[in-house]
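J.: Here you go, sequence then predicted model.
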Amino acid sequence: MRKIKVAVVGTGIMGKIHAQSYAESGKAKLICVCDLVEEKAKELADKFNCRYTTKIEEIASDSKIKAVSITTPDFAHRETALQMIEAGKDVLIEKPLATSVKDAQDIVNAAKKKGIKLMIDFQNRWNPLLIQTKQTIEKGEVGSPVMGYARLSNPLSVPLKMLSWASKSGPEWFLFPHTIDLVRWLINKEPEEVYATGKKGILKERGIDVYDAIQALVKFEDGVFVTFETSWILPDSWPSLIDFELMLLGSRGRIGIKADEQGIDISADKFSRPFISGFQYAYGKNFGFFKEPIIHFIDCLCENEEPMCSGEDGLIVTKVIEAIVRSIKGEKVIKIER
Amino acid sequence: MENKIGAAVIGVGRYGETHVRAYKKSPLVKLVAIWSRSEERAKKIGEKYNCEYTTNLEKIAQDKRVKIVSIATPDFAHTMPAIKMLRAGKHVLIEKPMAMSVDKCKKILKISRENNLKLMVNFHNRWYPPVVEAKRRLDRGEIGKVVAVYARLSDRVEVPTQWLLSWASKSGPQWFLFPHIIDLVNWLTGKQKVRRVYALGKKEVLEKRGIDTYDAVQAQVEFEETIAVFESSWILPSSWRNLIDFKIDLVGSQGKIEIVGDKEGINIVTEKYETPFVLDPITEEEPINYFIDCILNDKEPICSGKDGLEVTKIIEAIVKSLDKGCVVEVI
């Protein structure tokens, strides 16, 4: 079988996971990685024995490359995506699709026009905890959805140390895509209205002008409502890289998820609960659910099927987040345009 | 015996009986009488605790031996007995919510002040040991200033459908459960002013069972310094581990506090999995002992009428937001 030739643009944390997943996939061949920083591109290319470049044009113009992962920072998806789509490549974009509805819409329109496959990497749909949740809801075990609460937060070290571009994102763009996509998928209803409040201060004082915390109450179809909460100011003593909690109340039952508790805690220099289910490197390969959507993308290309997590899914998530930001600023309820 | 202070309890349902029990147990109190609307219930509780019983409120108001009165009637029926007892010169401990409108709260508060009487609203969760610890840590500034709060208190579906059946439709999770968590958050975060409220609710499950109340409500409340979400539901499945689903998470500028209120150190696994309450004797009886102490030593209770009024003010705004579907500015 001929392997699908792929490239990865953006060699940060997720870019490395995409590269690793392609390298391990039996159906894809990683042939080039791209990063604005040459050293980073070279380092990854050396690891996977492929080419590297600092120019996205070089990837766009390489007709052998059929598919591209875009794992640049949150705000920097648009140009790369449009160039790759224009060049006729199938595209897998990290969440969020884009940090403005305009960018998201432009990418979706371009993909439609060109007839290429576009998938957004909402990897939590492959998280075993959420697969179980989805199946439980689909079996009707908890009845019809009534209300939910979804929280995904990070400790301070994420905006302060891990992300060099934190000030161009924010917890709403970095974290809400996960929970908003998940809830919409789990309850199988579309969002209609948003009201949100947010606080700034702590990160702003440290030179990063983004929200410390946001709470958003979203009304979905049939009057189902869900509060989404996110924060970037958890103390670094928090035992996990995430604080991830989900509660869904149905007419006949309740599902609770503590996704940062994954069955192991370690007391060493500090008390920690490592995040083990997403990505772990062992026995010379990559374990965990982060690789699953990437493999799904490749499978869909091989079988010529439409991937889960479409451009439309990404667009709706971006619409909700943009509405949240507008609601915070305008202190009012915002309707989500369909 | 003569030194003991005379007490009466008005309304002796499930929670009224807690007051009766606490007064009965206190060496400082003589439980004089109880009142119930139902002759049968009054007799049953009167005989069980060996005190006088009546269905006539006037009798308690005019009883000179009675100095302190607990009011534990249903949520909507606090105002009349409270005013009657205050007018009769008795100190009053009133169950939460103080009353179901700001006007009624103000009336109760005014009469208590005019007559120079003590008025306490029984926000008993301020005595729940994990909350006490959280308050201590917050006051020490251990997590800095509080940025965001998420507070949830829900009941299993048997509460509205079995326990409160007779008056569940006159209350709702917003009146029955929100007072607890709203008062706690007010108190824990330093009694900030409220700016704005927005809430959503859903009616279906209980309505189908003949109880016209919300199944669940979420309210966003913006305080001066802190944003908060309050969540309550009355349709938790009976398989849930405890009668309540209770948590408060506070994110501060320098730390985080998580209170889990439905897991108290013991899990019981029989035909179902349960995490029963074990701290109730503290949480439920200590506030009543505290009220007695306030009367005997002439101290102003921490859960004041003003605090009760503040809670009702927020819930009233929540109800307005639910009814009108809009953001409510709180003056």
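T.: Yes, it's here.
J.: can we go C-alpha only for contacts and neighbour counts from here?
T.: Noted.
J.: Pull out the buried residues from the lengthiest helix in chain A.
T.: For chain A, the helix with the greatest residue count under DSSP state H is helix A:311-330. Within helix A:311-330, the residues scored as buried using 16 or more other C-alpha atoms under 10 Å in any protein chain shown are A:311-328.
J.: got it, and stretch B:79-87?
T.: B:79, B:81-87.
J.: before we move on, back to that, what's next to the longest helix of chain A, contact-wise?
T.: A:95-101, A:104-105, A:107-108, A:118-120, A:172-173, A:176-177, A:180-181, A:191, A:194-198, A:216, A:333-337 (C-alpha atoms under 8 Å, 6 or more residues apart in numbering or on different chains).
J.: what's in contact with stretch B:296-307?
T.: Here stretch B:296-307 makes contact (C-alpha under 8 Å, 6+ apart) with B:98, B:105, B:108-109, B:118-123, B:183, B:290-291, B:293-294.
J.: Pull out the buried residues from those.
T.: Applying 16+ other C-alpha under 10 Å to those flags B:98, B:105, B:108-109, B:118-123, B:183, B:290-291, B:294 as buried.
J.: Mind picking the two most distant members of these?
T.: By the measure C-alpha to C-alpha, B:C105 and B:Y290 form the most distant pair in those, at 21.9 Å.
J.: Just confirm B:E158 contacts B:S238, I think it does.
T.: Yes. Applying C-alpha atoms under 8 Å as the test, B:E158 and B:S238 come out as touching, 7.2 Å apart.
J.: Leaving out chain neighbours, which residue sits closest to B:R65?
T.: Leaving aside its sequence neighbours, B:R65 sits nearest to B:G6 (C-alpha to C-alpha, 6 or more residues apart in numbering or on different chains; 5.5 Å).
J.: For the stretch 1-150 of chain B, which residues are neighbours of chain A?
T.: B:147-148 (C-alpha under 8 Å from any C-alpha of the partner chain).
J.: Show me the helices in the stretch 1-150 of chain B, by range?
T.: B:14-25, B:39-48, B:57-61, B:79-87, B:102-114, B:129-139 (DSSP state H, counting those that start in this stretch).
J.: now do the stretch 201-338 of chain A
T.: Going by DSSP H, counting those that start in this stretch, the stretch 201-338 of chain A shows helices at A:202-205, A:291-303, A:311-330.
J.: go on, the stretch 1-150 of chain A?
T.: Secondary structure of the stretch 1-150 of chain A (DSSP H, counting those that start in this stretch): helices located at A:13-24, A:38-48, A:56-60, A:78-86, A:101-114, A:128-138.
J.: low-confidence ranges in the stretch 201-338 of chain A?
T.: Low-confidence regions of the stretch 201-338 of chain A, defined here as pLDDT under 70, do not occur.
J.: Could you tell me the angle between the longest helix of chain A and helix A:101-114?
T.: Orientation check (axes from the mean of the first three to the mean of the last three C-alpha atoms, to 10 degrees): helix A:311-330 against helix A:101-114 gives 170 degrees.
J.: Break the chain into its domains for me.
T.: Reading this off chain A. A:4-122+A:285-309, A:125-275+A:317-335 (automatic domain parsing).
J.: Wait, chain B was what I had in mind.
T.: If you go by automatic domain parsing, chain B breaks into B:5-124+B:284-303, B:126-280+B:312-329.
J.: which ones are touching A:E24?
T.: A:K285.
J.: ok, back up a step: could you dump the buried residues of stretch B:79-87 into a markdown table with pLDDT and distance to A:K5 added?
T.: Output for the buried residues of stretch B:79-87, formatted as a markdown table (pLDDT from 0 to 100; distance: C-alpha to C-alpha, whole Å):
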| residue | pLDDT | distance to A:K5 |
| --- | --- | --- |
| B:T79 | 98 | 76 |
| B:P81 | 98 | 80 |
| B:A82 | 98 | 79 |
| B:I83 | 98 | 81 |
| B:K84 | 98 | 84 |
| B:M85 | 98 | 83 |
| B:L86 | 98 | 83 |
| B:R87 | 98 | 86 |
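J.: From the residues you listed, pick the one nearest A:P155.
T.: Once C-alpha to C-alpha is applied, the member of the buried residues of stretch B:79-87 that ends up nearest A:P155 is B:T79, at 47.1 Å.
J.: residue closest to the middle of chain A?
T.: Geometric centre of chain A, nearest residue: A:K95, 3.1 Å, by C-alpha atoms, centre = their mean.
J.: I figured that one was touching A:D74, is that so?
T.: Yes. A:K95 is in contact with A:D74 according to C-alpha under 8 Å; the separation is 7.3 Å.
J.: list residues touching both of the two?
T.: If you check A:K95 and A:D74 against C-alpha under 8 Å, 6+ apart, no residue is contacted by both.
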